[in-house]
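**Student:** What follows is a predicted protein model with its sequence.
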Amino acid sequence: MEQIQPFHLVSKFLKNIPQGLVLDIGAGMGRNSFFLAQNGFTVEAIDINENNINNIKKISEENNWRIQAFSQNLKNFDFINSKYSLILAIQCFNFIKKSEFDNVIEKIKNSLKQNSLMIISAFTTEDPSYKKLKEKHKPVEENTFYSANQPNWWHFFNKNELKQYFNSDFEILHFKEKIVEDQKPQPHFHGICEMVIKKISE
């Protein structure tokens, strides 16, 4: 199988990731899980979409990769303290309410080992979807909207907000807020925040 192209920060910081278990939250079709498995990591992949999980299982079995995949809602996932060497959260934190995120991020931080990494990408209030939802819906929580369409919940992060969740136990290796162009399903733009965090003490 050809070398898979992961999210750009995964490949950029690959050498910084301690060997161990990886958790890929909102794994989608599995590109980050596959890339890390190709590079010798054991991966747990979770996604709410069962079709995505079945695809990950099929491809990982065909390639004899060490990936366990689960159809799982993030807010109900059983996080275990000091378990993971890397946690990926690429465009998944936006689909739970702010109050749910405030609760789950503490569990995520506790589940990281010392010297482990976390890579995050999330939509900000600069995203065009934020402006569209704000015009049509009243927020149910700060920057959080309910829509009858899937996904139901949308939450957007304020400028510099994600930094505030990481205290002196963490070192921020990379932080950038920017506007990016996406080509699928047709050209459009997103406002995103990207972070790479290292846990320096437990």
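**Tutor:** That came in fine, so what should we check first? Only a predicted model underlies this, so the values are computations on that prediction, with no experimental measurement involved. Numbers count the residues shown, from 1 in each chain.
**Student:** how distant is stretch 32-47 from the center of its chain?
**Tutor:** Put simply, stretch 32-47 sits 13 Å off its chain's centre (CA atoms, centre = their mean, to the nearest Å).
**Student:** Spatially, and excluding backbone neighbours, which residue is closest to residue 128.
**Tutor:** Excluding its sequence neighbours, the residue lying closest to residue 128 (CB to CB, 6 or more residues apart in numbering) is residue 189, at 6.2 Å. All C-beta atoms are positioned from the backbone trio N, CA, C, and that covers glycine.
**Student:** Give me the number of neighbouring residues for that neighbour.
**Tutor:** Residue 189 has 13 neighbours, counted by other CB atoms under 10 Å.
**Student:** And for the one 10 residues further on?
**Tutor:** When neighbours are counted by other CB under 10 Å, residue 199 registers 23.
**Student:** about what we covered before: can you check the pLDDT for the residue nearest to residue 128?
**Tutor:** pLDDT for residue 189: 87.
**Student:** Which strands border the one helix or strand it maps to, and is each parallel or antiparallel?
**Tutor:** In this assignment (DSSP states H and E), residue 189 forms part of strand 188-199. Taking DSSP bridges as the criterion, strand 188-199 sits next to strand 112-123 (antiparallel), strand 170-182 (antiparallel) in its sheet.
**Student:** and among these, the most buried is which?
**Tutor:** Most buried of the strands paired with strand 188-199 by mean neighbour count (mean count of other CB atoms under 10 Å) is strand 112-123; its value is a mean of 22.
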